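Asks: Kindly generate the corresponding structure for this input.
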Amino acid sequence: MKMLLTSALVACLVAAAGSAAAQDGVLARDFQKHKGKPAYRMYLYGVGNGYVWASTYLEAGKKPPLFCQPSKMSLTEEIFIDLIDQKIQARPRTAINDGSPVDMVLLVALQEAFPCRK
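Replies: Have a look, this model is predicted:
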């Protein structure tokens, strides 16, 4: 029984790692195919929240934040998805291209949507 549980746990961990790695590699050109998938949307929400926390941590350490989110605004999954969509649609006029990782597109979109004032 213990061996069966251990095998099941290992299988779950391998599947989760493979899933995360696959999601991690979505490029701008493939975003439309993936953006409706609940697991991918949850992944992007986690990436976006990671950027929010990283920015907060930098600011707390008296360093420039990644972007300056309005204090009364909560960044939701929908906002992250919309920002990515807008940035990809504007790509002919920006440094974003079809081969850009969506994670990077989100960071650039956040920085452009919420610039820090000096």
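Asks: Tell me the helix or strand right after the worst-scoring helix or strand of the chain on mean pLDDT.
Replies: In the chain, the helix or strand scored least confidently by mean pLDDT, DSSP states H and E is helix 2-24, which has a mean of 40. Per DSSP states H and E, the first helix or strand lying C-terminal to helix 2-24 is helix 31-34.
Asks: If you count contacts, what does the very next helix or strand once past that following helix end up packed against?
Replies: Later in the chain than helix 31-34, the nearest helix or strand by DSSP H and E is helix 38-60. Applying 3 or more C-beta pairs under 8 Å, 6 or more residues apart in numbering; DSSP states H and E, we find helix 38-60 packed against helix 2-24, helix 77-89, helix 102-113. All C-beta spots, glycine's among them, are computed from the backbone N, C-alpha and C.
Asks: Residue ranges in this protein under the pLDDT threshold?
Replies: Scanning the chain for pLDDT under 70 picks out 1-24, 91-94.
Asks: again, only this time at 80
Replies: Residue ranges of the chain with pLDDT under 80: 1-24, 91-96, 118.
Asks: What about L44, how many residues nearby?
Replies: 21 (other C-beta atoms under 10 Å).
Asks: Return the residues in contact with it.
Replies: E77, F80, I81, I84, V102, L106 (C-beta atoms under 8 Å, 6 or more residues apart in numbering).
Asks: got it, and L58?
Replies: P64, P65, L66.
Asks: Between those residues, which sits nearest Q32?
Replies: Nearest to Q32 out of these is L66 (C-beta to C-beta; 25.7 Å).
Asks: All set now, cheers.
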